[in-house]
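> predicted model, plus sequence, below.
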Amino acid sequence: MSDYPGEGGDFFSRIPLFREFARLLSGEPGPVNWELARQVAVASAIGADTLGAAPALPAPKFTPEPGEQRAWDDQLRLAELWVDPVSSLPSPDRPLVAQPTSRADWAELALRSLPPLVEPAAKRMADSMGPSMGEGMPPEMGQMVGRLGGLIIGLQVGTVVGQLSHLVLSQYDLTIPAKDRGRMILLSENVQAFEQATSLPRDQLRLWLACHEVIRQRLLTGVPWFEEHLYRVVNQMAELTEPDPAGLMERLQGLDMSRPESVQELLEGGEGLSGPPSPALQAATARLEVLLALADGYALVVCERVLSGRLPALPAIQSAVRARMADSDGAHALFAQLLRADPERAGAGRGERFCREVLAATDVDGLDRVWAHPDFLPSPEELGSPGRWLERAGLIGGEEVSLDEGLRALLGEDGVEPGEEGGAEGPEGSSGDEGPEGKRPPEEPGER
């Protein structure tokens, strides 16, 4: 099985472009063949079974319903008014503009934002198949190996984006930084399909989506360090990955260019293209999973705060949205796999539980402290134990008090020793002169 999602033998066997495999390999080199990714993504978005072929059922050209864009604009305006007094995240400097978009157009837009998230790992694999593997190999063969890596990644990325185009509801549905930050892309076909599948009230669901989009936009574009931090973690994961292209080379040497089936066998391969993850890679992956889970969960919780008492169908909407985000075949799971994260650990459920527990102990301003600086992000352990994060952030606890001294002051004498009958012990049997480990005041972001 490949390490990448969206790969299947049936799909490859139905792509006639593989009959021109040699032409593809002679194309422009790079860690990802983005032109192939675009062709595959658009073909899948419009419903084509084969690359370059017409859809099995002709897909009508997408046209928004009359007045749809204006209706979305009105819902975004209302959502911004409701979000402003609840969240402390910065608002955009200009009004948000809705743009209903087709699946194929969304696929092309998404591909323009993916290189920083996909190319680091792809380049790591391409570098591993560089000069060190070319010893004793004709130069043409070495070039073909590099292009083959770009072809594989391009095909897999295009397949995933094509699948996502049928699942994503809006521009900020997934944690993908956007190029145009004032335009809110909405996939009307997918929104309609979700409405029909859930039987939720159309107006209320769209208001929820508008509110959710406003919150996500403020998070992904208003938090100044978010985008850079996401890219940094992805790059760390790539640097810590140890590719294992030996199996690919073995299959490449047996490649029969006259048989498209041999190309399919090459891409399917039983071996992965990287070795087992090191502890350092596992730690970096866990940091990415925290960021994805927290970003998704935060938007769910704040959206509920904003809309509570305003939408009668809010509980049903939240339930349907949670089920959609937890779907193992859904958009969020596919996106997590594309970034080589575990869908369950990167799931919104973990982030939502964290945010709810933090809100139970403080308020939205306290919760928003997670976005004050990357140092305030919870660790993987703190995401599962929010109390530890609350202490580190200075939102609960405080200056430690000596239990011995307090007891003496209460009794007005020194006659009762801690630990004796009627006395008290400090934490974990200590004298209480020093607080337990981990209860020091939190550091300011620049002090680490």
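Okay, I see it. Numbering: from 1, shown residues only.

> counting neighbours, what do you get for the closest residue to Y172 other than its chain neighbours?
Of all residues not flanking Y172 in the chain, R216 sits nearest, at 3.6 Å (C-beta to C-beta, 6 or more residues apart in numbering). No exception for glycine: its C-beta is placed from N, CA and C like everyone else's. The number of residues packed near R216 is 23, by other C-beta atoms under 10 Å.

> partner residues bridging P100?
Note on P100: beta-bridge partners by DSSP bridges are L186.

> contact partners for it?
Listed by C-beta atoms under 8 Å, 6 or more residues apart in numbering, the contact set of P100 reads 64, 68-69, 72, 186-188.

> out of those, name the ones that lie in helices.
68-69, 72, 188 (DSSP state H).

> tell me the mean pLDDT for the helix or strand containing G150?
Assigned by DSSP states H and E, G150 falls within helix 139-164. The pLDDT scores in helix 139-164 average 77.

> give me the pLDDT value at the residue nearest to Y172.
R216 is assigned 97 on the pLDDT scale.

> outline the domain layout of this protein.
Split into domains by automatic domain parsing, the chain comes to 9-274+313-334, 403-448.

> worst mean pLDDT among these?
Among the domains of the chain, domain 403-448 has the lowest mean pLDDT, at a mean of 44.

> quick one: P386 and E352 touch, right?
No. The pair P386 and E352 fails to qualify as a contact (C-beta atoms under 8 Å) at a distance of 11.4 Å.

> which other helices and strands does the longest helix belonging to the chain contact?
Longest helix in the chain by number of residues (criterion: DSSP H): helix 279-307. With contacts defined as 3 or more C-beta pairs under 8 Å, 6 or more residues apart in numbering; DSSP states H and E, the packing partners of helix 279-307 are helix 68-83, helix 202-217, helix 226-240, helix 314-326, helix 331-338, helix 348-361, helix 364-367, helix 380-384.

> can you list the buried residues in the following helix or strand past the last one?
What it means is helix 380-384. The first helix or strand that comes after helix 380-384 along the chain, using DSSP H and E, is helix 386-392. Buried residues in helix 386-392, counting neighbours by 16 or more other C-beta atoms under 10 Å, are found at 386, 389-392.

> now do stretch 62-82
By 16+ other C-beta under 10 Å, the buried positions in stretch 62-82 come out as 64, 68-69, 71-73, 75-76, 79-80, 82.

> so can I have CSV of the residues you listed showing distance to G30?
Below are the buried residues of stretch 62-82 laid out as CSV (distance: C-beta to C-beta, whole Å):
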residue, distance to G30
P64, 35
E68, 38
Q69, 36
A71, 42
W72, 37
D73, 39
Q75, 41
L76, 37
A79, 40
E80, 40
W82, 45
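
> closest to L155 among the residues you listed?
Relative to L155, the closest of the buried residues of stretch 62-82 is P64; by C-beta to C-beta it sits at 31.5 Å.

> so what's the residue count around L311?
Neighbour count of L311, defined by other C-beta under 10 Å: 20.

> now do the SS call for it.
coil (DSSP: H, G, I helix; E, B strand; the rest coil).

> please look at it and L207 and confirm they touch.
Yes. In this structure, L311 is within contact of L207 by C-beta under 8 Å, at 6.4 Å.

> show me what counts as buried in the host helix or strand of Q196.
Per DSSP H and E, Q196 falls inside helix 188-198. By neighbour count with 16+ other C-beta under 10 Å, helix 188-198 contains the buried residues 188-191, 194-195, 198.

> and for stretch 40-49?
Burial within stretch 40-49, assessed by neighbour count using 16+ other C-beta under 10 Å, is assigned to 40-48.

> so which of those residues belong to helices?
Among the buried residues of stretch 40-49, the members falling in helices (DSSP H) are 40-45.

> could I get the ones in helices among the contacts of P100 as JSON lines with distance to V86?
Putting these into JSON lines (distance: C-beta to C-beta, whole Å) gives the following:
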{"residue": "E68", "distance to V86": "27"}
{"residue": "Q69", "distance to V86": "26"}
{"residue": "W72", "distance to V86": "21"}
{"residue": "S188", "distance to V86": "27"}
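
> name the residues that touch stretch 329-347?
3-6, 117-118, 121, 157, 160, 163-164, 167-168, 173-176, 234, 237, 285-286, 288-289, 292-293, 296, 324-328, 348.

> those residues, buried ones only, as a PyMOL selection?
Listed next is the PyMOL selection for buried residues among the contacts of stretch 329-347, using 16+ other C-beta under 10 Å:
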select buried, resi 4+5+6+117+118+121+157+160+163+164+167+168+173+174+175+176+234+237+285+286+288+289+292+293+296+324+325+348
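
> any chance of the helices and strands packed on helix 279-307 in a markdown table, plus distance to D105?
Shown next, in a markdown table, are the helices and strands packed on helix 279-307 (distance: least, C-beta to C-beta, whole Å):
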| stretch | distance to D105 |
| --- | --- |
| helix 68-83 | 14 |
| helix 202-217 | 17 |
| helix 226-240 | 23 |
| helix 314-326 | 22 |
| helix 331-338 | 17 |
| helix 348-361 | 26 |
| helix 364-367 | 35 |
| helix 380-384 | 36 |
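
> P374 is nearest to which of those?
Nearest to P374 among the helices and strands packed on helix 279-307 is helix 226-240; the distance by C-beta to C-beta comes to 5.0 Å.

> may I see the buried residues of that closest one?
226-227, 229-230, 233-238, 240.

> coming back round to it: the helices and strands packed on helix 279-307: which one's closest to A126?
Judging the helices and strands packed on helix 279-307 by C-beta to C-beta, what sits closest to A126 is helix 226-240, at 11.0 Å.

> so which other helices or strands are in contact with that closest one?
Looks like helix 226-240 contacts helix 115-128, helix 279-307 (3+ C-beta pairs under 8 Å, 6+ apart).

> ok and that helix relative to helix 279-307, angle-wise?
160 degrees (axes from the mean of the first three to the mean of the last three C-alpha atoms, to 10 degrees).

> ok, and what's touching helix 226-240?
Residues contacting helix 226-240 (C-beta under 8 Å, 6+ apart): 116-117, 120-121, 123-124, 175, 177, 219-221, 277-278, 280-281, 284-285, 287-288, 291, 295, 339-340, 371, 374.

> noted, bye for now.
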